[in-house]
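In: Provide a 3D model corresponding to the input given below.
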Amino acid sequence: MSAVPLSPSLSFGLAGCGRWGLLVLRDLRALGVSVVVADPSAQARAAAEALGVSTVDRIEALPPVEALVVATPAVTHTEVVEALLPRGVPMLVEKPFTTDVGEAERLVAAGGDRLFVGHVWRYHPGVEMLGAMARSGEIGPIAGLKSTRANWTSPRTDVDSVWNLAPHDLTLAIEILGHIPTPRAAIAEVHDGHAVGLSALLGDTPWLSFDVSNRYRDKRREVRLHGRDGVAVMRDPDAGQIELTRGGIGAPGTPAVELRDYSRESALRRQLMAFIGAVRGGPPPKSNAAEGLAVIRALVRLRDLAGLA
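Out: Numbering: from 1, shown residues only. Sure, this is the predicted structure:
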């Protein structure tokens, strides 16, 4: 099937309208995109129709559109993407790209430059600010990056919490450090055969250290960038501030602290704006399929190191 010519009001197909898909739909509608939703769930279709869009019960019934977003359960991504690729239009696939390296490799080979992955934290203004600090050298050579991503339980049933949470921390490394360091060590928290957390160490200098867990009563999303001459911290992604503490090792006196404001604009909306711009002929989004594959390779290696299947 050939690509549909672009119209003033873009037409998108959205495969999957669960908890996350509904947020995607809300923002696409706010950005003026015409959307048709495909979901086998009558409840999901009703929620989509309440936002003023038409729905179908299977992806094969989607009409010709100019772009596609896949927000189905992660374990279905390969099947859904392969079914939609013959339409020949740009496609944004939510993370994790797949849960299997071989499947991800196959999608990269088949999708070419039309396939992108929803690594939403690469579009967070605070994360972008930390990346700019790392590249500028203002806190000296970068030693490493530490991230904590935790909450209580998980809304997902298709994948465990490691698959759900850890891709974000690997993409933080891409945005801030410029690459994913080599996995070195990992240990998992497992109950009744189900992984609920992972502590991981990657690289040397700069290193990436992260903890993900669904066993924290309080929600935590902290990112720390450590340099020779200071530390920059995003303690709360919704607060709109980076805390920059200056001073080298052994510096006397009270360290100087500076608060830097960043935009509170939604990272999801910024990601969708980038995808819409690409569909209209602009530059491609940050996260292509090759990056999605790199994240899956690193995460599978960390799971192997932690003894997870």
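In: Wait, residue 242 touches residue 236, no?
Out: No: distance between residue 242 and residue 236: 10.6 Å, which falls outside the contact criterion (C-beta atoms under 8 Å). C-betas here are computed from N, CA, C, even on glycine.
In: And these two? Which one has more around it.
Out: Applying other C-beta atoms under 10 Å to residue 242 and residue 236 shows that residue 242 carries more neighbours, namely 22 against 13.
In: Quick check: which element contains the more buried one?
Out: For residue 242, the element it lies in under DSSP states H and E is strand 241-246.
In: by contact count, what packs against that strand?
Out: The criterion is 3 or more C-beta pairs under 8 Å, 6 or more residues apart in numbering; DSSP states H and E, and the helices and strands that strand 241-246 contacts are helix 125-136, strand 230-234, strand 256-261.
In: Ramachandran coordinates for residue 70?
Out: Summarising the backbone geometry of residue 70 under the convention degrees, to the nearest 10, its torsions are phi -110, psi 110.
In: Quick one: the strands in the stretch 1-150 of the chain, in order.
Out: Remark: strands of the stretch 1-150 of the chain, listed N- to C-terminal, are 11-15, 34-38, 54-56, 67-70, 91-94, 115-118, 142-152; assignment by DSSP state E, counting those that start in this stretch.
In: what about the fifth one, average pLDDT?
Out: Mean pLDDT, strand 91-94: 98.
In: which residue packs closest to residue 52, ignoring adjacent ones?
Out: Ranked by C-beta to C-beta, 6 or more residues apart in numbering and with sequence neighbours excluded, the top spatial neighbour of residue 52 is residue 29, at 7.0 Å.
In: how many other residues sit next to that neighbour?
Out: Residue 29 sits with 16 neighbouring residues when counted by other C-beta under 10 Å.
In: can you check residue 308 too?
Out: Residue neighbour count, defined by other C-beta under 10 Å, stands at 18 for residue 308.
In: you'd agree it is in a strand?
Out: No: read with DSSP: H, G, I helix; E, B strand; the rest coil, residue 308 is coil and lies in no strand.
In: what's the distance between it and residue 69?
Out: Between residue 308 and residue 69 the distance, using C-beta to C-beta, to the nearest Å, works out to 29 Å.
In: Break this protein down into its structural domains.
Out: Following automatic domain parsing, one gets these domains for the chain: 11-119+269-288, 122-266+298-305.
In: just to revisit the earlier point, I'd like the distance from the strand holding residue 242 to the chain centre, please.
Out: Once both centres are worked out by C-alpha atoms, centre = their mean, to the nearest Å, strand 241-246 turns out to sit 24 Å from its chain's centre.
In: What residues sit buried inside it?
Out: When neighbours are counted by 16 or more other C-beta atoms under 10 Å, the buried residues of strand 241-246 are found to be 241, 242, 244, 246.
In: The stretch 151-300 of the chain: strands as residue ranges?
Out: Under DSSP E, counting those that start in this stretch, the stretch 151-300 of the chain gives strands at 183-191, 194-203, 207-213, 215-227, 230-234, 241-246, 256-261.
In: Fine, thanks again, bye for now.
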